[in-house]
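>>> I'll drop the sequence and a predicted model, then ask my questions.
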Amino acid sequence: MIKKVILSNFRSFSFFQKEFDKINIIKGKNGTGKTNLLEAIYFCLNGHPFFKNLNRVKKDPNKPTHLNSNLTNDTIHIAIEENVKKIKLNGKPAKVVDLKKQFPCIDYSINSFISFKNKDYIFSLIDRGIFSQDKTIIDKILEYKKLAKIKKNLIKEDNMNKNAINIINDRLIETIRDISKKRTEFIESIKDDICTCFNKFHKQKLYISYIEGKIKESTLKEELTRKKTLISIKKDILKITVNDMDIFLYSSVGERKIILLCVVLTVLKMYNSHRLLPVFLVDDLEGDLDRYTQKMAFEIIESLPNQIFITTLGSYDGYNVINLTEELRS
Ligand SMILES: Nc1ncnc2c1ncn2[C@@H]1O[C@H](COP(=O)(O)OP(=O)(O)OP(=O)(O)O)[C@@H](O)[C@H]1O
Ligand SMILES: [Mg+2]
């Protein structure tokens, strides 16, 4: 559980510190920094902001940025000087992967929602779910990124070493197949739970499946002539339909938001069943949802055993409410 964060020179905050409870409601007018505070928590637990690059995280570009967080048994300190990030876990240098392995965190945010079509978010969500039961997924993803980078450099060289490219390609394809297989099995294992969750909101028929992208022999040849890598894990697709209609083509914004919430809640449930309790970050719970759905979504979320941070424009009584409009005034 995150007990406290102290931020300096992070996004809209010159200096900000706050202690937290199990359920935390972050409210305030538009632009007061609710999402920025959520991103600071995400940054502490993941070692990087929502979108990985460090552009624009500083308020004053000429000063360092510091994010400190006190967890139940650990402290995390992230410092950004110039454009270099340094992470310390309990006073010792640490890497992004150390934080990710130790402090699971699931975010359901307008940022990720916008990126719902952008595969990075949804694939990362699936990988987080797999991680709850199979820690090797992180190493597989790192291996994939490393091989993809080596191949990209090899293919751009003037005197292409076709032999080396072929060797890397074989390993890359094997890694992609490994990851795709894990993702396919994971989606198969949670699809019924996602449907059950969705049916609390709507009675329509939801169908979800992971489809592996085909790697053709001709693609490999094309890569060499075009000097471009065309084999990627991003050729895979997460197919979701409601009443046989592709949600990415047909569903309303609110409908997509509910479906995404159901995927997120099911991934959380998977973690919780392994007695790992990720911190759950919810950005703008009510936006685009009707009253009934808002109420239902909040009831499900508040009953979770996880530590929860919700940003909102609404009002919630009886919880730890952080009113940024007032906090920043004083
Ligand atoms: N690096 C930065 N330096 C200064 N200000 C920044 C920086 N990054 C973001 N901001 C400011 O933070 C504000 C947006 O904050 P944020 O998105 O957290 O607001 P919010 O409270 O979530 O608003 P909404 O209710 O609209 O979701 C904007 O005014 C933006 O200009
Ligand atoms: Mg916001």
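Sure thing, it's come through. Residues are numbered from 1 along each chain as shown. Ligands and ions are numbered 1, 2, ... in the order given.

>>> which residues of this protein lie near ligand 1?
Along the chain, the residues adjacent to ligand 1 under the rule C-beta under 6 Å from any ligand atom are 11-12, 28, 30-36, 56, 58-59, 284, 311, 313. Quick note: C-beta positions are derived from backbone N, CA and C, even for glycine.

>>> ok, those residues vs ligand 2, which is closest?
Nearest to ligand 2 among those is residue 35, at 3.3 Å by C-beta to the ion.

>>> buried set for the biggest helix by length in the chain?
Assignment by DSSP state H gives helix 162-201 as the longest helix of the chain. The neighbour-count check on helix 162-201 (16 or more other C-beta atoms under 10 Å) flags 165, 168-169, 172, 175-176, 179-180, 182-184, 186-187, 190-191, 193-195, 197-198, 201 as buried.

>>> who touches residue 292 in this structure?
By C-beta atoms under 8 Å, 6 or more residues apart in numbering, the contact list for residue 292 is empty.

>>> next one: the one 3 residues further on
Shown here is residue 295, which makes no contacts under the criterion C-beta under 8 Å, 6+ apart.

>>> distance from the chain centre to stretch 267-285, please.
Centre-to-centre, stretch 267-285 and its host chain are 12 Å apart (C-alpha atoms, centre = their mean, to the nearest Å).

>>> and it, how far apart are its ends?
Terminal residues of stretch 267-285 are spaced 18 Å apart (C-alpha to C-alpha, to the nearest Å).

>>> buried residues in it?
Those would be 267-271, 278-285, for stretch 267-285 by 16+ other C-beta under 10 Å.

>>> ok, stretch 36-49 next?
Buried, per 16+ other C-beta under 10 Å, within stretch 36-49: 36-49.

>>> what's opposite residue 209 in the beta bridge?
Counting by DSSP bridges, residue 209 forms beta bridges with residue 239.

>>> up against ligand 2, what does this protein have?
Selection of the chain residues close to ligand 2 by C-beta under 5 Å from the ion yields 34-35.

>>> and with 6 Å instead?
Within the chain, the residues that sit near ligand 2 (C-beta under 6 Å from the ion) are 34-35, 283-284, 311.

>>> from these, which land in strands?
If you go by DSSP state E, those have residue 311 in strands.

>>> what about the spatially closest residue to residue 212 that is not a sequence neighbour, distance to residue 167?
Leaving aside its sequence neighbours, residue 212 sits nearest to residue 180 (C-beta to C-beta, 6 or more residues apart in numbering; 4.3 Å). With the distance defined as C-beta to C-beta, to the nearest Å, residue 180 ends up 21 Å from residue 167.

>>> what do you get for residue 260?
39 Å.

>>> before we move on, what about residue 279?
Distance, residue 279 to residue 167, by C-beta to C-beta: 41 Å.

>>> ditto for residue 228
Relative to residue 167, and taking C-beta to C-beta, residue 228 is found at 19 Å.

>>> cool, and residue 108?
For residue 108 relative to residue 167 (C-beta to C-beta), the value is 41 Å.

>>> what number of residues lie near the residue lying closest to residue 131 once chain neighbours are set aside?
Spatially, and ignoring its direct neighbours in sequence, residue 131 is nearest to residue 137 (5.2 Å; C-beta to C-beta, 6+ apart). Residue 137 has 21 neighbours, counted by other C-beta atoms under 10 Å.

>>> go through whatever helix or strand residue 137 lives in and flag the buried ones.
Using DSSP states H and E, residue 137 sits in helix 136-156. Using 16+ other C-beta under 10 Å as the test for burial, helix 136-156 gives 137-138, 140-141, 143-144, 147-148, 151, 154-155.
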